[in-house]
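Asks: sequence first, predicted coordinates after that:
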Amino acid sequence: MENSEKSSLRKVLLEKRDSISFDLMKIASKQIHRNLKKITEFSIAKSIGCYYPVGSEVLTQDIMQEALSEDKEILLPKVVGKDLMFRKIKGLNSLEKGNFDIMEPRDNCPPSEKLDVVLIPAIGISRNGFRLGYGFGYYDRFLAKIDVTTIALTYAKQIVKSIPSSENDVRIDWVVTEDEFFNFSNS
């Protein structure tokens with residue numbers, strides 16, 4: 001089971017993130033989108049795994065719309081048992097409410113594991129590439145099976161000195177905030 005250090009850090013960071021006003025979220029998300037496009041792996045990607053934002057997560061609707069308008073493939077995760085399965089969507093109208101009230105691709109969206117990059121939500125992230133998620137391990141299990149460039153989208157104030165990590169935690173390749181973007185593959 002998860003250690004209490006992680007749980008209390010998650011609580012603090014979620015409270016911090018949930019305190020951001022919607023207007024600031026929109027502004028920060030626009031900046032994050034702008035910074036994301038400066039990452040070559042993202043700009044040349046043909047198929048992009050993304051997520052539909054819930055709560056105070058970085059807004060991704062514009063990222064998805066823009067990528068779709070550039071004829072890129074957008075895939076979103078659907079929770080199947082203990083695993084994530086990514087399915088290709090034609091547009092945001094291909095989504096329906098799934099588990100945890102999260103918007104997921106409908107069943108008629110074709111599954112695919114052909115992903116160039118995956119954008120991942122983070123409650124917190126450390127400067128050595130360890131991400132704090134919601135504690136269910138869906139992304140860690142998925143990423144352990146697939147070789148893909150990972151990019152965590154998060155607000156600058158969610159970056160922390162360190163996150164307690166276990167051997168199942170998958171390190172993220174890139175972090176994008178409204179202020180900066182950096183990668184860990186060299187660290």
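Replies: Perfect, thanks for sending it.

Asks: quick one: contacts for residue 155?
Replies: Taking CB atoms under 8 Å, 6 or more residues apart in numbering, we find residue 155 in contact with 17, 20, 28, 58, 177-178. Quick note: C-beta positions are derived from backbone N, CA and C, even for glycine.

Asks: center of the protein - which residue?
Replies: Nearest residue to the geometric centre of the chain (CA atoms, centre = their mean): residue 120, 1.4 Å.

Asks: where does it land in three-state SS?
Replies: Using DSSP: H, G, I helix; E, B strand; the rest coil, the structure places residue 120 in strand.

Asks: and for the residue lying closest to it once chain neighbours are set aside, the neighbour number?
Replies: Closest residue in space to residue 120, ignoring its immediate chain neighbours: residue 152 at 5.0 Å, by CB to CB, 6 or more residues apart in numbering. By the measure other CB atoms under 10 Å, the count of residues near residue 152 is 27.

Asks: how about low-confidence regions in this protein?
Replies: The chain contains residues with pLDDT under 70 at 1-2, 185-187.

Asks: which stretches of it form strands?
Replies: Taking DSSP state E to define them, one finds strands in the chain at 47-49, 73-80, 83-89, 95-97, 103-105, 117-121, 124-126, 131-132, 149-153, 159-160, 174-176, 181-183.

Asks: for the first one, give me every contacting residue.
Replies: Meaning strand 47-49. Outside strand 47-49, the residues within contact range by CB under 8 Å, 6+ apart are 42, 67, 72-77, 86, 88, 112, 114-119, 148.

Asks: circling back to that earlier point, I'd like the strands of the chain laid out as CSV, including distance to residue 6.
Replies: Output for those, formatted as CSV (distance: least, CB to CB, whole Å):
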stretch, distance to residue 6
strand 47-49, 24
strand 73-80, 21
strand 83-89, 20
strand 95-97, 28
strand 103-105, 26
strand 117-121, 16
strand 124-126, 10
strand 131-132, 7
strand 149-153, 16
strand 159-160, 12
strand 174-176, 18
strand 181-183, 23
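
Asks: helices along this protein, start to end?
Replies: In the chain, the segments counted as helices under DSSP state H are 4-18, 22-36, 40-43, 61-69, 138-144.

Asks: how about these in CSV, adding distance to residue 95 and mean neighbour count?
Replies: CSV is the format used below for the helices of the chain (distance: least, CB to CB, whole Å; neighbours: other CB atoms under 10 Å):
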stretch, distance to residue 95, mean neighbour count
helix 4-18, 23, 14
helix 22-36, 18, 16
helix 40-43, 22, 14
helix 61-69, 10, 15
helix 138-144, 17, 17
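
Asks: need the ones you listed in TSV with distance to residue 81, can you?
Replies: Shown next, in TSV, are the helices of the chain (distance: least, CB to CB, whole Å):
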stretch	distance to residue 81
helix 4-18	23
helix 22-36	31
helix 40-43	30
helix 61-69	25
helix 138-144	10
